[in-house]
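# Generate a structure from the sequence data that follows.
(chains A and B)
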Amino acid sequence: MKRREFLRVGALATGSALITSRLAFARTATPGRRPRFVLAILRGALDGLAAVPPYGDSGYGRLRGEFALRAPGEPKGALPLDGFFGLHPSLGFLGQCYAARELIVFHAVASPYRERSHFDGQDVLENGTALPHASQSGWLNRALAEAPGGRRRDSGVALGQNVPLVMRGPAEVTSWSPSKLAGLDDDTLARITDLYTRDPLLSVRLADALTADRVAAEPGAMAQDAAVAPDMAAAQPGQSQAGQAPAPGGAYAETVRAAAGFLRQEDGPQVAVFDTTGWDTHANEGGAEGQLAGRLAALDKGLATLRGELGPAWRDTAVLLVTEFGRTAAINGTRGTDHGTATMAFLTGGAVAGGRVIADWPGLSSRELYQGRDLTPTLDLRCVLKGVLEEHLGIAPRALEAVVFPQSERSRALGGLMRA
Amino acid sequence: MQQLGSTIAANRFGLGARPGELAAIGGDGRDWLRAQLKGAPPAIAGAQLASSAEVLGEAFALQRQVQQARRSGNDVQQRLPQFLKPIYQNEATARFEQAVTTDRPFIERLTQFWTNHFAVSIDKQFMAGLAGSFEREAIRPRVLGNFGDLLVAAEMHPAMLLYLDNHLSVGPHSSAAIRAGLRRRGGNSPPGINENLGRETLELHSLGVGGGYTQYDVTSFATVITGWSVGGGNGLWASGPPGRFVFRPDQHEPGIKTVLGRKYGGEGYEQGVEVLNDLAQHPSTARHIATKLARHFIADEPPPAAVERLARAFTEYGGDLRSVYRVLIDTPEAWEQPLGKYKTPNDFIVSSYRGLSLPVDASHGPLAPFELLGQRIWQPGSPAGWPDRSADWDGASALLKRVEWADAVGGRLGSRRDAAELAPQLLGANLNGATGTAIARAASAQQALTLLLAAPEFMRR
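Modelled structure (predicted):
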């Protein structure tokens, strides 16, 4: 199928007038409601052709062989999207979101990075420029610093002990992870605070941590299983899980619940970031079942938990899932995929004008593949990011161009991603 | 400024001063560091520490049992993790104890640096049982040797081959691939290259990202090392001595290969060793290693002049690491910014144990602090290893956990340690007057210890 032809058909299929409309300008955020934004970084390069199989492309089955997902309706088939793309069968919750018009699937999308290092790829994904290590701050933090109403304390929270690059920068953000030790007594805390007064880094970090803890401790904020253990014995690593791969379920589920706990509060942070790992499927990736299928199922389950825990706040929430790049279009010699280029991204939530696939599909024939091996990028991820930041968080277009994504004028914000 | 010298030597180059250590170092600290470079690197030995070959041999056998039992319906899935977990705990505890008790902490820091450079992570199958023996077998004996030897030893170690999937990689024109092609039925994908180890060798272990290689070089080097495998595994990998490096000629891609513009005609596994030897001497490798060393020992954004000097030494001395370390010791920038590096959780824990003379008690969950503070030994989660900049470790929640842990340690020790007496012995010239005063005025011995460990100058090195 030709690219342009597909675009037209896709538009008809989804009933949406504008599919890749880079001509549609993003609206400004609706005043009066309080938008929430969750960014999940899937580290390790998620295979976009497995998560969102283009079963309608004749090249797909040839490239994926025994691991090609079947069309919807067939045994172990993909979940239906628009008649050309499907969702991996492990992504049941996201499939429901799509049906409820709360999910936009982007495909053939990539950051400006065109090499194949995870670590540089993640750096570009997070720093918001076109080059690795070009900025010590992240695009989401810079956006928060430009948010309407000026900077407020702790407008964002990173779930984890430390703050990933995407959330580092001028805006004050905090990090939070469950504590397993007893809290400090007020006197000791006061003395440490005093000791840190002349230390610009530690004084801010400690204050932020205490604020996050207070927010987390508010009634109904946190699931109580993250509660405090009374003494060090409780943290002794008899329970250490060394020897087993960390289940994506356990810590991840706790992270997702914590994110929801912060976001559903009216005076809590508006933005939460977390990351997951385990997407680097070089060998034995599997198809409808197997290694990646298990990871995707855990991811999907976590998103369902997030929705459930957010309650009514889901209506005002957008959740964006991104990964640093995709994987080779063909299966490699060890039943996996190696590092590639374009991949997919998901935008879901009650605030999202979903039920659509946005893709300027490049095709999968060998001459259509990037460098003869990867899905060719046709959409700059920054177009998506700008659209979300502008329409959902109300970041001014001028700030997006000048500060958040410098030198990205040619990648214009995608409009109409959010519900009016 | 002599005292500053010993303070920096013990805390930045070493793993944290022990009581009395600063006085013993005396001088400006450089001689103390140079003396540690003499002699063979210290080994860790113990009846409980098995070789990687022993561990893997057993693990493969268990894996076979599990597979057979699965076919007959028994649930024995937990046997393998149950076998590997205590191996990890023993190995990590021994490593922790070595760091806390060693008289050559500079060498130990370098060992940890190199293990992290050639990182394997215990969240992948078998690695919990192999990470410790990988460090003891491939890294530790070579940290004072030549970088080329270290590179070859790391890439050929079964832990690395398994971690980065190289045992699965098959040359597309190898006899194994041709045989498989004849047997192939239906949609089974043909065996072929897995470029994981090839890429990370270039990107992480030698040239560094941006070091002048292309996708062609990655793929080509991956074909060079096809056949680098591990013996005694299951199925295709059954032959050869269990758990040891095996070269499988039938999986090796035949013929001449070109890497970085140079042709390699040798056959067999020597072809890979030749490429590694050339990579070890490449100017990009010198710069990459120099940058990482300077970042670790000087500052997050290392001064270009220092990087330049180290890279030159690396090239000039043909990768002789002792010579590079001597130049590092003599680099003035390393002595100019006291407290220029924020401690990692590992640094923070080890220096606390050293400073407070805490025993590493194998029967009392010695690894709990690493889990709590977010840096489990040998679990960086990716082949890039743990990051080495302040921003990666100075999160708000991470700081609060350190403070809480300091409080728990203080509470456990109480009056059995005297923080006022220890503070100058641990922090030396870095001890701030405000910290001294706060410790002196603390409400209890317990609180004084908490303040010592939580002090800004104890958070850094």
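# Return the nearest residue of chain B with respect to chain A.
Closest residue of chain B to chain A, Cβ to the nearest Cβ: B:Gly192 (2.2 Å). Bear in mind the C-beta positions are built from the backbone N, C-alpha and C, glycine included.
# Surely that residue forms part of a strand?
No - counting by DSSP: H, G, I helix; E, B strand; the rest coil, B:Gly192 is not part of a strand but coil.
# Next, give phi and psi for it.
Here is the backbone geometry of B:Gly192 (degrees, to the nearest 10): phi -170, psi -160.
# So for it, what's the nearest residue that isn't a sequence neighbour?
A:Gly333 (2.2 Å; Cβ to Cβ, 6 or more residues apart in numbering or on different chains).
# Find the closest residue to chain B in the stretch 251-400 of chain A.
Counting by Cβ to the nearest Cβ, the stretch 251-400 of chain A gets nearest chain B through A:Gly333, at 2.2 Å.
# Could you list the residues of the stretch 151-300 of chain B in contact with chain A?
Within the stretch 151-300 of chain B, the positions near chain A by Cβ under 8 Å from any Cβ of the partner chain are B:164-165, B:168-170, B:172, B:177, B:186-196, B:199, B:203, B:209, B:215, B:218.
# From the residues you listed, keep the buried residues only.
B:164-165, B:168-170, B:177, B:189, B:191-196, B:199, B:203, B:209, B:215, B:218 (16 or more other Cβ atoms under 10 Å in any protein chain shown).
# Where does A:Phe262 fall, secondary structure wise?
Applying DSSP states H and E as the criterion places A:Phe262 in helix A:250-263.
# ok, and what's touching that helix?
Outside helix A:250-263, the residues that touch it by Cβ atoms under 8 Å, 6 or more residues apart in numbering or on different chains are A:36, A:38, A:157, A:159-160, A:176-178, A:212, A:215-216, A:220-223, A:225-226, A:268-270, A:272, A:274, A:276, A:298-299, A:301-303, A:305-306, A:309-310, A:313, A:317.
# Considering only those, which also neighbour chain B?
A:160, A:176-177, A:212.
# most residues in a single helix of the chain, which one?
Assuming you mean chain A. In chain A, with assignment by DSSP state H, the single longest helix is helix A:291-310.
# Can you look at chain B instead?
helix B:79-101.
# got the CA coordinates for it in PDB?
Provided in PDB are the C-alpha atoms of helix B:79-101 (Å, rounded to 0.1, in the frame of the first residue of the first chain):
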ATOM      1  CA  ARG B  79      15.500 -24.500  41.700                       C
ATOM      2  CA  LEU B  80      17.700 -22.400  39.600                       C
ATOM      3  CA  PRO B  81      17.100 -19.000  41.400                       C
ATOM      4  CA  GLN B  82      17.400 -20.900  44.700                       C
ATOM      5  CA  PHE B  83      20.800 -22.100  43.600                       C
ATOM      6  CA  LEU B  84      22.000 -18.800  42.300                       C
ATOM      7  CA  LYS B  85      20.800 -16.500  45.100                       C
ATOM      8  CA  PRO B  86      23.200 -17.700  47.900                       C
ATOM      9  CA  ILE B  87      26.000 -17.500  45.400                       C
ATOM     10  CA  TYR B  88      25.200 -13.900  44.800                       C
ATOM     11  CA  GLN B  89      24.900 -13.200  48.500                       C
ATOM     12  CA  ASN B  90      28.200 -14.800  49.300                       C
ATOM     13  CA  GLU B  91      30.000 -13.100  46.500                       C
ATOM     14  CA  ALA B  92      28.600  -9.700  47.100                       C
ATOM     15  CA  THR B  93      29.300 -10.000  50.800                       C
ATOM     16  CA  ALA B  94      32.900 -11.000  50.200                       C
ATOM     17  CA  ARG B  95      33.300  -8.000  47.900                       C
ATOM     18  CA  PHE B  96      31.700  -5.600  50.400                       C
ATOM     19  CA  GLU B  97      34.000  -7.000  53.100                       C
ATOM     20  CA  GLN B  98      37.000  -6.600  51.000                       C
ATOM     21  CA  ALA B  99      36.200  -3.000  50.300                       C
ATOM     22  CA  VAL B 100      35.600  -2.300  54.000                       C
ATOM     23  CA  THR B 101      38.800  -4.000  55.200                       C
END
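# Going by contacts, tell me the helices and strands next to the helix or strand that it is followed by.
Per DSSP H and E, the first helix or strand lying C-terminal to helix B:79-101 is helix B:105-117. Packing partners of helix B:105-117 (3 or more Cβ pairs under 8 Å, 6 or more residues apart in numbering or on different chains; DSSP states H and E): helix B:30-36, helix B:79-101, helix B:283-297.
# Can you give me the buried ones in the very next helix or strand once past the last one?
Same thing as helix B:283-297. For helix B:283-297, the succeeding helix or strand toward the C-terminus, using DSSP H and E, is helix B:304-316. Residues of helix B:304-316 classed as buried by neighbour count (16+ other Cβ under 10 Å): B:306-307, B:309-315.
# the strands in the stretch 101-250 of chain A, which residues?
Remark: strands assigned in the stretch 101-250 of chain A by DSSP state E, counting those that start in this stretch are A:103-110, A:156-159, A:173-176.
# Turn these into CSV, columns for mean pLDDT, mean neighbour count and distance to A:Gly77.
Below are those laid out as CSV (pLDDT from 0 to 100; neighbours: other Cβ atoms under 10 Å in any protein chain shown; distance: least, Cβ to Cβ, whole Å):
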stretch, mean pLDDT, mean neighbour count, distance to A:Gly77
strand A:103-110, 98, 27, 17
strand A:156-159, 94, 28, 34
strand A:173-176, 91, 28, 40
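# out of the ones you listed, nearest to B:Phe106?
The closest of these to B:Phe106 is strand A:173-176. By Cβ to Cβ, the value is 32.3 Å.
# Quickly run through the sheet partners of that closest one, with directions.
Strand A:173-176 pairs in its sheet with strand A:156-159 (parallel), by DSSP bridges.
# chain center to the strand it pairs with, what's the gap?
13 Å (Cα atoms, centre = their mean, to the nearest Å).
# What of stretch A:127-134?
18 Å.
# got the CA coordinates for that stretch in PDB?
In PDB, the C-alpha atoms belonging to stretch A:127-134 read as follows (Å, rounded to 0.1, in the frame of the first residue of the first chain):
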ATOM      1  CA  ASN A 127      17.200  16.200  26.700                       C
ATOM      2  CA  GLY A 128      14.900  17.500  24.000                       C
ATOM      3  CA  THR A 129      17.600  18.600  21.600                       C
ATOM      4  CA  ALA A 130      18.800  16.700  18.500                       C
ATOM      5  CA  LEU A 131      22.100  15.600  20.000                       C
ATOM      6  CA  PRO A 132      23.300  13.400  22.800                       C
ATOM      7  CA  HIS A 133      24.700  15.300  25.800                       C
ATOM      8  CA  ALA A 134      23.700  18.700  24.300                       C
END
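# Please, where are all the strands along the stretch 201-350 of chain B?
So, for the stretch 201-350 of chain B - with DSSP E, counting those that start in this stretch - the strands run B:228-230, B:245-247, B:257-259, B:262-264.
# What lies in contact with the last one?
Contact with strand B:262-264 is made by B:224, B:256-258, B:271, B:274-275, B:278, as judged by Cβ under 8 Å, 6+ apart.
# Filter the residues you listed down to the buried ones.
Buried, going by 16+ other Cβ under 10 Å: B:224, B:257, B:271, B:274-275, B:278, out of these.
# for chain B, what helix or strand is lowest in average pLDDT?
In chain B, the helix or strand scored least confidently by mean pLDDT, DSSP states H and E is helix B:175-183, which has a mean of 85.
# For B:Gln425, grab the count of nearby residues.
Number of residues near B:Gln425 (other Cβ atoms under 10 Å in any protein chain shown) recorded here: 17.
# Confirm that it sits in a helix.
Yes - counting by three-state DSSP, B:Gln425 falls inside a helix.
# who's in contact with the residue nearest the centre of chain B?
What sits nearest the mean C-alpha location of chain B, by Cα atoms, centre = their mean, is B:Thr115, with 2.0 Å. By Cβ under 8 Å, 6+ apart, the contact list for B:Thr115 reads B:134-135, B:139, B:378.
# For these, please prepare a markdown table with the additional fields distance to A:Ser117.
Shown next, in a markdown table, are the contacts of B:Thr115 (distance: Cβ to Cβ, whole Å):
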| residue | distance to A:Ser117 |
| --- | --- |
| B:Phe134 | 23 |
| B:Glu135 | 25 |
| B:Ile139 | 23 |
| B:Trp378 | 22 |
